[in-house]
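[1] My questions concern the predicted model and sequence given below.
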Amino acid sequence: MRKLLIFCWFFSLNHSFAQKTVPINLSQNLNNNGRVSLQSNTLLFIDSTSKLLLQNIDNKNFKPLNTFSFQKLSTEYYRYNFWLKFTVNNPTDSIIDALFTTGVHKSVDVFRKVGKNYTKLQSTNQTLRPNERPYKFDESYLPLKFEPKQSYELLVKVTEHPQLYFKLTPKLVSYAAEYEDKIRAFDDEYIYFVHDGIYISILLFVATYMFIMFFVERKRYYLYYGFYLFFLVLFAFWAVEHSPYIQLIFSHLPILKFSANNNTYLLITNIFYYLFHYEFLDLPKIAPKFSRVLVFYIKVLVGLLIIDTFINFILQNYSLGGLLWIATQPIIAIFGIYGTIQLYRLKGPFIRYIQIGSTVLLFGALIGFLEQLLQIKPSDNVLMRLAPSFGLNYAVLVEIFCFSMALAYKTWLSQRNRNQLIRSIKESELRTLRSQINPHFIFNSLNSIKAYILKDRQLEASEYLTDFSTLIRAILQQSKVKFITLSEELETTLLYVKLENLRFENGFTFNFSIDESIDTDEILIPPMLFQPYLENAIKHGLMSKNDDRILNLSIKQKTKEELLITIDDNGIGREQASLQRKNTLKHQSMGMSINDERVQLLGVTNDLHISIKIIDKNSNKGISEGTTVEINLPI
């Protein structure tokens, strides 16, 4: 129907009498207010074929421009060439410089008729860089020079990019008036620049953070949300770069800036938006039916994106692309309402944040769509050709805040569960290690009792057995807890040293000292912490020495928050003991290495970082004089 109306209008043009343009007296109007509207003095001819040559246009019948009303939401105007004809007089004795514009279009060419021939005066198009433009400050203006006492019959050719709204507003503007418009625009429109700058910065920061989190956590919902925000950033850049003063990304990609519409970005962002919902909420588990519907809808969006790309970038059928945009909007809006309703049926610790964010975004998207459809936003901006939708952008920021809270909450829950799992594993390992230490010690003690019995020393065996039973009972009780008091540990340790000294028939001298300021009943330590190092000192250091065997255990207050436990012997040293007994290292690993591993696990599970240092004592001649073990115990 629309094409039929246009055809009828063309038919009436070609069968009507030719119209004459009313000359415009340039000096008076231009000097008064710096602007001369050519709307009522301009004739229009529309070339529906876009193939007519310049020399043939002059023979066509033109109609007054102000008698033609352009249809809104049309997807056809990019197919045509629009020809404007008007006459300008300069009755003064001086040259008049002015700027001509018909609004923002794909390209504008101005010709002057001299006799029967046309000469091109100026031309511009929207893809030109500032240094390539005839008027570098704005691609919509063409500088014209009108000589004194001359009349100019001008013909203007206008072509358009695919868009839903089209209008022709020919006028002449003085340089001073154009400068005043620009200064006024900086005052009126700076808020758009500030808003878009903050908006894009927030989106870019959060998108980058989401990509980093994906590489750290390897969770796909971080990747989906990052791509969703990234394409919102691209869409924002696409809108910003329609300003004649911003040349960043899309200005170097004209096919993306002028041929693609926002439908492309709308489809891509929706695909990643719902992929995020699908993965983050784990919909197949908590809402299988909604999950299946969502998967189907995502496939529909992917199909529409493929069709949109094929139509706009391969076929370059922008009329069909515009119709696809009109058809896509209600589909996205309807499913947005349906999806939001379904979200309110879900339950979970972080679902509330997703519900609030999705609801706010839905209302913001509807506001943005209506602003574009009904042309509520300003359309005559100088600096920002595409004014941002404050309602949509603020809704996106609220949605980002809510979704970020949901992501943080889920990450915290995941980390807490992970820490609990790690703690459980480490505690299990710790219990295993404790159970390994206890049999190891019991085995050594039973060997001592066995030695007394074999030597028919019943009284010593009885006393030894009494002390041993006391020690075993203490070990069994301590094996059930993570920590015991220092007094309990010392009681067990001193009893162990006593039994070992009896077993070796008082073969070494044991010295014990502790600072009086230390309250042994208030300090907690892991059970059996000293025993492996005392055992190693006795069996492999002192007993391999012939005489003068001394073992020292001292406990000192190193700082207010740390004790220093020192186990010192004057034995043969680790290197010599290793040479004498080839199995020393293997035997040592059962006590000391197990204890070292247990200390490391305590740092993980209980944040108790005990440091142990083993020092080989050597004389000036390099002869071993024993071993010192220093244990720094936080309290």
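    Right, received. Where do you want to start? Residues are numbered from 1 along each chain as shown.

[2] what separates the residue lying farthest from the centre of the chain from Gly336, distance-wise?
    Within the chain, the residue lying farthest from the chain centre (Cα atoms, centre = their mean) is Asp456, at 78.9 Å. As judged by Cβ to Cβ, to the nearest Å, Asp456 and Gly336 stand 94 Å apart. From N, CA and C alone the C-beta is placed, and that goes for glycine too.

[3] cool, Asp93 as well?
    Between Asp93 and Gly336 the distance, using Cβ to Cβ, works out to 66 Å.

[4] which residues sit in contact with Tyr464?
    Contacts for Tyr464 (Cβ atoms under 8 Å, 6 or more residues apart in numbering) come out as 448-449, 452, 499, 502-503.

[5] Now the buried members of these.
    448-449, 452, 499, 502-503 (16 or more other Cβ atoms under 10 Å).

[6] Show me the residues you listed that map onto helices.
    Filtering the buried ones among the contacts of Tyr464 for membership in helices, criterion DSSP state H, returns 448-449, 452, 499, 502-503.

[7] Excluding chain neighbours, what is closest to Val88?
    Tyr152 (4.6 Å; Cβ to Cβ, 6 or more residues apart in numbering).

[8] right, I mislabeled it, should have said Leu44
    In this structure, Leu44 finds its nearest non-sequential neighbour in Leu65, 4.4 Å apart by Cβ to Cβ, 6+ apart.

[9] tell me the contacts of the one you found?
    Leu65 neighbours (Cβ under 8 Å, 6+ apart): 39-40, 42-44, 84, 168, 170.

[10] same deal with Gln557?
    515, 517-518, 563-564.

[11] Distance from the chain centre to stretch 128-147, please.
    Chain-centre distance of stretch 128-147: 41 Å, with Cα atoms, centre = their mean, to the nearest Å.

[12] Same question for stretch 139-152.
    52 Å.

[13] ok, and for it, which residues are buried?
    Of the residues in stretch 139-152, 139-142, 144, 146, 152 count as buried by neighbour count, 16+ other Cβ under 10 Å.

[14] what about it, start to end distance?
    Start-to-end span of stretch 139-152 (Cα to Cα, to the nearest Å) is 23 Å.

[15] Stretch 59-79 now?
    Stretch 59-79 has an end-to-end distance of 21 Å (Cα to Cα).

[16] Can I get the buried part of the contacts of Gln557 as one ChimeraX selection?
    In ChimeraX syntax, the buried subset of those is picked out as below (16+ other Cβ under 10 Å):
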select :518,563
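
[17] Out of the contacts of Gln557, name the ones that lie in strands.
    Among those, the members found in strands (DSSP state E) are 563-564.

[18] ok, and the most crowded of the contacts of Leu65?
    Comparing the contacts of Leu65 on neighbour count, Thr42 comes out first with 25 neighbours (neighbours: other Cβ atoms under 10 Å).

[19] Which stretches in the stretch 201-350 of the chain count as helices?
    220-240, 254, 262-280, 283-286, 288-309, 318-343 (DSSP state H, counting those that start in this stretch).

[20] The fifth one: which residues count as buried?
    Just to be clear, that refers to helix 288-309. Buried, per 16+ other Cβ under 10 Å, within helix 288-309: 290-291, 293-294, 297-298, 301, 304-305, 308.

[21] go on, the third one?
    Neighbour counts over helix 262-280 (16+ other Cβ under 10 Å) mark 263-280 as buried.

[22] rewinding a little: distance to Asp568 for the buried ones among the contacts of Tyr464 - can I get that in JSON lines?
    Listed next are the buried ones among the contacts of Tyr464 as JSON lines, based on distance: Cβ to Cβ, whole Å:
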{"residue": "Ser448", "distance to Asp568": "23"}
{"residue": "Ile449", "distance to Asp568": "28"}
{"residue": "Tyr452", "distance to Asp568": "29"}
{"residue": "Leu499", "distance to Asp568": "20"}
{"residue": "Leu502", "distance to Asp568": "21"}
{"residue": "Arg503", "distance to Asp568": "21"}
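
[23] Now those residues in TSV, please, with extra columns for pLDDT and distance to Lys482.
    As requested, these are exported to TSV (pLDDT from 0 to 100; distance: Cβ to Cβ, whole Å):
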residue	pLDDT	distance to Lys482
Ser448	69	29
Ile449	74	30
Tyr452	72	35
Leu499	81	25
Leu502	78	31
Arg503	73	30
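
[24] which one among the residues you listed gets closest to Pro23?
    Checking the buried ones among the contacts of Tyr464 against Pro23 with Cβ to Cβ, the nearest one is Leu499 at 124.5 Å.
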